[in-house]
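> With the sequence up front, the predicted model follows.
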Amino acid sequence: MNIDEGNYFDRRIHDDINEIIKDMRETHKGRSESASDDPQYDPVRVMESVFDDLANFKGSPSEKAVMIFCKQNQIIYSKLTDEEKLWLFNIMDKSKLLKRLVSQRGKKK
């Protein structure tokens with residue numbers, strides 16, 4: 001039985017993050033200064049949803065970055081046209097933070 005190493009580590013990290021989120025939620029439960037119970041405005045639930053979507057999303061690191069951007073901005077990724085996705089990829093290619101997502105091995109600087 002072969003196990004995809006990338007999927008294995010993605011799942012392990014996802015499970016760890018879920019446990020951390022549960023602990024945070026329990027620690028802050030019932031505090032008056034805590035955020036609204038409305039899931040749309042609960043950053044913990046939003047991030048949990050992003051991690052769930054990311055763990056189940058099949059695509060390149062660049063596609064995952066675009067999917068996260070869309071999720072954070074309440075844009076439905078599946079409704080984007082190919083041209084719109086291409087524009088987002090081209091824009092994200094200009095990001096210094098996202099350059100690390102693409103292997104630079106063998107490329108001259």
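Sure thing, it's come through.
> just checking, what packs against the helix or strand bottoming out on mean pLDDT in the chain?
Across the helices and strands of the chain, mean confidence by mean pLDDT, DSSP states H and E is lowest for helix 43-56: a mean of 78. Here helix 43-56 touches helix 5-27, helix 61-72, going by 3 or more CB pairs under 8 Å, 6 or more residues apart in numbering; DSSP states H and E. (C-beta placed from N, C-alpha, C; glycine too.)
> So for the last one, mean pLDDT?
Rounded to a whole number, the mean pLDDT of helix 61-72 is 82.
> Just the pLDDT for residue 19.
87.
> Same question for residue 93.
Residue-level pLDDT assigned to residue 93 equals 81.
> Same check on residue 108?
According to the model, residue 108 scores 58 on pLDDT.
> Kindly report the same for residue 101.
54.
> just residue 41 next, same as before
Predicted confidence (pLDDT) for residue 41: 65.
> coming back round to it: any chance of the helices and strands packed on helix 43-56 in JSON lines, plus distance to residue 78 and mean neighbour count?
Shown next, in JSON lines, are the helices and strands packed on helix 43-56 (distance: least, CB to CB, whole Å; neighbours: other CB atoms under 10 Å):
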{"stretch": "helix 5-27", "distance to residue 78": "21", "mean neighbour count": "11"}
{"stretch": "helix 61-72", "distance to residue 78": "9", "mean neighbour count": "17"}
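> Can you lay out those as a markdown table showing distance to residue 52?
Compiled in a markdown table, the helices and strands packed on helix 43-56 are given as follows (distance: least, CB to CB, whole Å):
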| stretch | distance to residue 52 |
| --- | --- |
| helix 5-27 | 8 |
| helix 61-72 | 10 |
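> Show me the one of those that comes nearest residue 54.
helix 61-72 (6.0 Å; CB to CB).
> coming back round to it: just the buried residues of the least confident helix or strand of the chain, please?
For helix 43-56, the buried set under the neighbour-count rule, 16 or more other CB atoms under 10 Å, comprises 44-45, 48, 51, 54.
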